[in-house]
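Enquirer: any chance you can model this:
(one chain, ligands or ions: 1)
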Amino acid sequence: MRKGLIAANWKMNGQEESNEALLSEILEALHGLSAHENAQTEILICPPALYLQQVGKKLEGSQLKLGAQNVHPAESGAFTGEISAQMLRDVKCSHVIIGHSERREVFGEDDQFIAEKFSAAQASDLIPVLCVGETQALREAGETSEAVLGQLKAVLNHAGVDAFKNSVIAYEPVWAIGTGLTASPEQAQEVHALIRATISELDTGVGEQIKIIYGGSVKSTNAAELFAQQDIDGALVGGASLVAEEFVSIWSAYCSN
Ligand code: PEP
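Expert: Numbers count the residues shown, from 1 in each chain. As a prediction, the model looks like this:
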């Protein structure tokens, strides 16, 4: 059975004081869950890079993992403002989000660059959380599958299916991110199944074991029905991850699924 993953993407939110308070609340609430519930999932917190060390320290000794929101593919050099995979390892990150739609759309990252980031992350033993998803226009044009598979195949072609053994895919329909709109459980399941089938065609074992999580306005009120779907292995949570009670409820919904 695949272990689930509930990942918090704080985006560009938080400050030292509020981070401390949010994490204290989350850690306290998690103590209230049973060992059985806790064993069902991994939890990942992805704060802004500046706070990775603060958050990492706070998570020490807990089961929560630390992830970054971005990485540059080069090992080092003249890339002002960027952070390498090795630097993320240095501050004890285990995961890094790659190809978030905000990076694709706002910062113009293309499939090739994203594929390079994916490989650079893995070369430094980071687990990439690869985000893929269609825009509203593509969904309305009936091109969801082409869009999602195009993004996925760009990385598959670059890194090979073996590289997906130790990675996570996040299906995040762009129209559902931060908008309050959520894909219906059936819409999400359809794309998750397609992603899994595409990977399974290349390697059945990898397809079976890879975690495919859903992101796009996940909240405590819609989490359970999403998690009831066969191919949804957790969630990448933006806005709701900034409210401890919400985030823990989403985790709890996965555990009791
Ligand atoms: C995200 O940023 O990855 C995300 C899914 O955001 P939200 O949950 O706010 O839609």
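Enquirer: in a helix, F164, correct?
Expert: Yes - checked against DSSP: H, G, I helix; E, B strand; the rest coil, F164 lies within a helix.
Enquirer: chain neighbours aside, what residue packs nearest to it?
Expert: V206 (5.2 Å; Cβ to Cβ, 6 or more residues apart in numbering). In this view, the C-beta of every residue, glycine as well, is placed from N, C-alpha and C.
Enquirer: what residues does the one helix or strand that neighbour maps to touch?
Expert: Using DSSP states H and E, V206 sits within helix 204-209. Helix 204-209 is touched from outside by R2, V161, D162, F164, K165, R196, A197, T198, I199, S200, E201, with contacts defined as Cβ atoms under 8 Å, 6 or more residues apart in numbering.
Enquirer: mind jotting down where the strands sit in this structure?
Expert: 4-9, 41-46, 65-68, 95-98, 127-132, 168-171, 211-215, 234-237 (DSSP state E).
Enquirer: now the helix holding V206: average pLDDT?
Expert: Here helix 204-209 scores 97 as its mean pLDDT.
Enquirer: now do the same contact list for the closest residue in space to K92 that isn't next to it in sequence.
Expert: In this structure, K92 finds its nearest non-sequential neighbour in G56, 4.9 Å apart by Cβ to Cβ, 6+ apart. By Cβ under 8 Å, 6+ apart, the contact set of G56 is L66, V91, K92, C93.
Enquirer: the ligand versus G56, what's the distance?
Expert: To the ligand, G56 is 21 Å away according to Cβ to the nearest ligand atom, to the nearest Å.
Enquirer: got it, and W175?
Expert: For W175, the distance to the ligand - Cβ to the nearest ligand atom - is 10 Å.
Enquirer: do G81 as well
Expert: G81 is 21 Å from the ligand, where distance means Cβ to the nearest ligand atom.
Enquirer: how far away is that residue from I169?
Expert: For G81, the distance to I169 equals 27 Å [Cβ to Cβ, to the nearest Å].
Enquirer: who has more neighbours out of these two?
Expert: Comparing G81 with I169 by other Cβ atoms under 10 Å, the one with more neighbours is I169, at 26 against 5.
Enquirer: what sits against the residue nearest to the more buried one when sequence neighbours are not counted?
Expert: Distances taken as Cβ to Cβ, 6+ apart place I212 nearest to I169, at 4.8 Å, with adjacent residues excluded. Contact analysis of I212 by Cβ under 8 Å, 6+ apart lists V168, I169, A170, Y171, H192, I195, R196, D231, I232, D233.
Enquirer: nearest to L181 among these?
Expert: Y171 (14.5 Å; Cβ to Cβ).
Enquirer: what about the closest residue to the ligand within the stretch 101-250 of the chain, how many residues close to it?
Expert: Proximity of the stretch 101-250 of the chain to the ligand (Cβ to the nearest ligand atom) peaks at G238, 2.1 Å away. Residues within reach of G238, counting by other Cβ under 10 Å, total 23.
Enquirer: surely it meets A176?
Expert: No - taking contacts as Cβ atoms under 8 Å, G238 lies outside contact range of A176: 10.2 Å.
Enquirer: list residues touching both of the two?
Expert: G215, S217.
Enquirer: how far away is I43 from G67?
Expert: In terms of Cβ to Cβ, I43 sits 10 Å off from G67.
Enquirer: which neighbours do the two have in common?
Expert: Common neighbours of I43 and G67, counting by Cβ under 8 Å, 6+ apart, are A7.
Enquirer: dump stretch 232-247 to CSV, restricted to CA.
Expert: Provided in CSV are the C-alpha atoms of stretch 232-247 (Å, rounded to 0.1, in the frame of the first residue of the first chain):
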residue,chain,number,x,y,z
ILE,A,232,-5.2,10.2,-4.9
ASP,A,233,-2.4,9.6,-2.4
GLY,A,234,-2.6,12.9,-0.5
ALA,A,235,-2.5,16.6,-1.1
LEU,A,236,-0.4,19.6,-1.8
VAL,A,237,-2.1,22.3,0.3
GLY,A,238,-1.5,26.0,-0.2
GLY,A,239,-3.9,28.5,1.6
ALA,A,240,-5.3,25.9,4.1
SER,A,241,-1.8,24.9,5.2
LEU,A,242,-1.5,28.3,6.9
VAL,A,243,-4.2,27.5,9.4
ALA,A,244,-3.1,24.8,11.8
GLU,A,245,-6.6,23.4,12.5
GLU,A,246,-7.4,23.2,8.7
PHE,A,247,-4.1,21.5,7.9
